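> sharing a sequence plus its predicted fold:
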There are 2 protein chains.
Amino acid sequence: MKLSDLDTNEKTLAENLGKEESFGPFDELRDELQQLQKMLYAQNKHRVLVVMQAMDTGGKDGCIKHVFSRVDPQGLNVVSFKKPTEDELAHDFLWRVHEHVPRNGHLTVFNRSHYEDIIAVRVKNLFPEKVWKRRYQHVVDFERMLAEEGTTIVKIFLNISRDEQKARLQSRLDNPDKYWKFNPDDLKDRALWDDFMETYEDVIEKTSTDVAPWYVIPADRKWYRNLCVARIMVDTLKGLKMSFPEPTWKPGDVTLED
Amino acid sequence: MKLSDLDTNEKTLAENLGKEESFGPFDELRDELQQLQKMLYAQNKHRVLVVMQAMDTGGKDGCIKHVFSRVDPQGLNVVSFKKPTEDELAHDFLWRVHEHVPRNGHLTVFNRSHYEDIIAVRVKNLFPEKVWKRRYQHVVDFERMLAEEGTTIVKIFLNISRDEQKARLQSRLDNPDKYWKFNPDDLKDRALWDDFMETYEDVIEKTSTDVAPWYVIPADRKWYRNLCVARIMVDTLKGLKMSFPEPTWKPGDVTLED
């Protein structure tokens, strides 16, 4: 797979939607997602993990905000993984993510994830090849274990073009109320764009499994990206064939005192 | 391997020690362990995990207390895993143990462990065979990942005989100041002794690896058991070939102000 061969600017669905036409269907998907999550929480049986990865400005924050805005926050956890702390680096790389995997009935979104420990580590040469190379198998093993123990895993890569990143960074430089989003270090990563793409291609290819598939989302158009991710979430939750749990008491046998 | 073929009452070392003669060497081993742990902590590079398993009354608490009594508590963590809570059962079985694996420079002892999630689960039929059977591979994968990421793993099974367990339980029933140690549920486990032995044999055989070996310790004699475990700890830490870390500043270039 070559990420550069994929259209980051795609905007056609079966229904041939444009931006304006997307709002209605997106609204419906969010309502569906809200209902499905309610059952997920009530049944307290399945756990759902969404891994969200992208280049800087790729839209992780915005996508999470828009897609999950109607989900009951009691059953939703969004976990952001930053540069590892000293304490985190003093453990294996899966330690800090394992702590935050969803419990029964919960939906957890990882904003960045254990994949940074392969991707950033490899591109920026933070650890020897020996270390990041074996981590491919570590994440495959880890995710299979999570899946076999009952976690549904969805991995999403928001695929933007190099030009779109330039436009978004420029927008941060031009708008005082976006200044806070600009980090000079992002320019260092941008200079390594091709290395990042190559690494993402390799990682997506090697770690996409039946139980933990990667979805590559054309992400230059935010509305299209949101629609795709909402669709994936709804389809994934529907696939669990959930139902509200049986009562543990016998209906009819319970009478309320005055 | 048949546990019942192993002598639980063994008491001979190369030096042909008896109980009285063991105190001096045991004292020396504890001093050595204290020094080695000091370097482990200072170097802040290696992490050491000891997994301690045994039948009820097998001596886990006593062994930990005696062997590690001189180790600096700042770098030592003893974690007891009880019957999983509702929150823990709502995750994969490795979740709660992963949280507690040692960080750099630390020595962590698991009093019971993820092995209960195979052993107790299998013997007491807590989950279907399908679940516990695949957990053998999960623990092997998990421990290999920990090891490859820098954790030294030692797994210890304190092997007592059925007769010795009877004597120790009787002692708890006869001595008011040991009453608190008696749990009627232990009798249910005792009734399943043969199943437990068969399961331990299978687990030890299938999960003993180069990077995470099992040691089966003859444990009917407490002094002998302690001596063995102390010896294993000292040999394991020596094997790390540790040294105190290089200073990050240039000695001689630092002058102190008045």
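Perfect, I can see it now. Predicted, not measured: the structure shown is a model, and the values here were computed from it. Numbering: from 1, shown residues only, chains lettered A, B, ... in the order given.

> tell me how many other residues surround A:Arg112.
20 (other Cβ atoms under 10 Å in any protein chain shown). Bear in mind the C-beta positions are built from the backbone N, C-alpha and C, glycine included.

> try A:Met1
Residues lying near A:Met1 (other Cβ under 10 Å) number 12.

> can I assume it is in contact with A:Ile204?
Yes - if you go by Cβ atoms under 8 Å, A:Met1 and A:Ile204 touch, sitting 6.6 Å apart.

> shared neighbours, these two?
A:Val216 (Cβ atoms under 8 Å, 6 or more residues apart in numbering or on different chains).

> for A:Pro245, give its distance to chain B.
14 Å (Cβ to the nearest Cβ, to the nearest Å).

> just give me the neighbour total for that residue.
Neighbours of A:Pro245 (other Cβ under 10 Å): 11.

> now it: closest residue in space that isn't a chain neighbour?
Nearest non-adjacent residue to A:Pro245, counting by Cβ to Cβ, 6 or more residues apart in numbering or on different chains: A:Gln43, 5.3 Å away.

> what residues are up against the one you found?
A:105, A:242-245.

> what's the closest of those to A:His91?
The nearest member of the contacts of A:Gln43 to A:His91, counting by Cβ to Cβ, is A:Gly105 at 27.4 Å.

> so the closest one sits against A:Lys38, correct?
No - the criterion here is Cβ under 8 Å, and A:Gly105 misses it with A:Lys38 at 10.2 Å.

> report how many residues lie close to the closest residue to A:Gly58 other than its chain neighbours.
Spatial nearest neighbour of A:Gly58, chain neighbours left out: A:Leu158 (4.4 Å); criterion: Cβ to Cβ, 6+ apart. Counted with other Cβ under 10 Å, the neighbours of A:Leu158 add up to 25.

> show me what the helix or strand containing A:Leu158 packs onto, helices and strands only.
Using DSSP states H and E, A:Leu158 sits in strand A:151-159. Counting contacts by 3 or more Cβ pairs under 8 Å, 6 or more residues apart in numbering or on different chains; DSSP states H and E, strand A:151-159 packs against strand A:47-54, helix A:129-148, helix A:193-207, strand A:214-218, helix A:222-238.

> could I get the buried residue list for stretch A:58-72?
Of the residues in stretch A:58-72, A:58-60, A:63-64, A:66-68, A:71 count as buried by neighbour count, 16 or more other Cβ atoms under 10 Å in any protein chain shown.

> let me know the pLDDT of the most centrally placed residue in chain A.
Residue closest to the mean C-alpha point of chain A, counted by Cα atoms, centre = their mean, is A:Met52 at 2.4 Å. pLDDT, A:Met52: 98.

> what's opposite it in the beta bridge?
Beta-bridge pairing for A:Met52 (DSSP bridges): A:Asn111, A:Ile156.

> please verify my assumption that it contacts A:Arg112.
Yes - the pair A:Met52 / A:Arg112 is scored as a contact, 7.4 Å apart, by Cβ under 8 Å.

> joint contacts of these two?
Counting by Cβ under 8 Å, 6+ apart, the common neighbours of A:Met52 and A:Arg112 are A:Lys60.

> thinking again about what came up before, send the alpha carbons of the strand holding A:Leu158 over as CSV?
Extracted C-alpha coordinates of strand A:151-159, given in CSV (Å, rounded to 0.1, in the frame of the first residue of the first chain):
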residue,chain,number,x,y,z
THR,A,151,-12.3,-5.9,23.2
THR,A,152,-13.4,-4.7,19.8
ILE,A,153,-10.6,-2.7,18.2
VAL,A,154,-10.9,-0.1,15.4
LYS,A,155,-7.7,1.7,14.2
ILE,A,156,-8.1,4.9,12.2
PHE,A,157,-5.5,6.7,10.3
LEU,A,158,-6.5,10.2,9.1
ASN,A,159,-4.7,10.6,5.8
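
> next secondary structure element downstream of it?
Assigned by DSSP H and E, the successor of strand A:151-159 is helix A:162-174.

> chain center to that next one: distance?
The chain centroid and the centroid of helix A:162-174 are separated by 22 Å under Cα atoms, centre = their mean, to the nearest Å.

> still on that earlier bit, what's the most buried one of the helices and strands packed on strand A:151-159?
By mean neighbour count, with neighbours taken as mean count of other Cβ atoms under 10 Å in any protein chain shown, strand A:47-54 ranks first of the helices and strands packed on strand A:151-159 at a mean of 24.

> which elements pack onto the following helix or strand past that strand?
Next helix or strand after strand A:47-54 toward the C-terminus (DSSP H and E): helix A:60-67. Judged by 3+ Cβ pairs under 8 Å, 6+ apart, the packing partners of helix A:60-67 are strand A:47-54, strand A:107-111, helix A:222-238.

> after helix A:60-67, next one along is what?
The helix or strand immediately downstream of helix A:60-67 is strand A:76-80, counting by DSSP H and E.

> contacts for that following strand, please.
Residues outside strand A:76-80 that contact it (Cβ under 8 Å, 6+ apart) are A:37, A:64, A:68, A:100, A:102, A:106-112.

> one more time with 10 Å, if that's ok
Outside of strand A:76-80, the residues within contact range by Cβ atoms under 10 Å, 6 or more residues apart in numbering or on different chains are A:37, A:40-41, A:48-50, A:52, A:60-61, A:64-65, A:68, A:96-97, A:99-103, A:106-113.

> and A:Lys155, how many neighbours?
Counted with other Cβ under 10 Å, the neighbours of A:Lys155 add up to 24.

> that one contacts A:Ser113, correct?
Yes - counting by Cβ atoms under 10 Å, A:Ser113 is a contact partner of A:Lys155 at 8.3 Å.

> overlap of the contact sets of these two?
Joint contacts of A:Lys155 and A:Ser113 (Cβ under 10 Å, 6+ apart) are A:49-53, A:139.

> please identify which of these is nearest to B:Glu20.
For these, the nearest to B:Glu20 is A:Val139 (53.9 Å; Cβ to Cβ).
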